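>>> give me the fold of what follows.
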Amino acid sequence: MDNIVIEGVRPYDGTWPFDLENEELTTREWGWIKRLAGYLPLTIEEGLSDPELIVVFAVVALHRAGQISAREAPQVFEDLADAPFGAAVRLETEPVETEGDDAGPPEPKPTSSGGSSGEGSRTSSETSEPPPNGSGMPDSDMSASVPVTLVT
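Numbering: from 1, shown residues only. From the prediction side, this is the model:
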């Protein structure tokens, strides 16, 4: 879970849970993001390092925790926006663990398959069929040539 940490901006100091993975934003919260930081649902990922967006996230976290009312949100945004960013308001994210992180290196994949998926390719000692006549004319019915041997 991610947290918003506010330090030095009384009475909002503390660590506040902020879980966008499991708790979707409400219409009211999207409105605060749009009006106060200028981001829309399709552009929000572009702003994850924008100080104003992080401050709006702090307002959302405070509201969700019952620390401020919806009417107080714009003023709290202004109060937090005047504080030094990074020192007073920051978003702390926990690293995302994927399944099998503690399992060590991945298992090697087998090199042979259990069944056949078709005929094998020709070996290099086999001769391939001659290429088609490139002239556009059909081949003639001439007999194949006989190898010539030189007598010395």
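>>> how about the strands in the protein?
2-6, 14-18, 89-92 (DSSP state E).
>>> to P51, which of those strands lies closest?
When these are compared by CB to CB, strand 89-92 sits nearest P51, at 7.8 Å. Glycine gets a C-beta too; all of them are placed from N, C-alpha and C.
>>> contacts for the closest one?
By CB atoms under 8 Å, 6 or more residues apart in numbering, the list of residues contacting strand 89-92 from outside reads 2-6, 9, 15, 18, 51, 54-55, 57-58, 80, 83.
>>> buried subset of these, written for PyMOL?
Buried subset of the contacts of strand 89-92, written as a PyMOL selection, criterion 16 or more other CB atoms under 10 Å:
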select buried, resi 3+4+5+6+9+18+51+54+55+57+58+80+83
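>>> between the contacts of strand 89-92, which sits nearest G31?
F57 (14.1 Å).
>>> wait, A37 touches L53, no?
Yes: if you go by CB atoms under 8 Å, A37 and L53 touch, sitting 4.5 Å apart.
>>> what sits in contact with each of those two?
Shared contacts of A37 and L53, counting by CB under 8 Å, 6+ apart, come down to G47.
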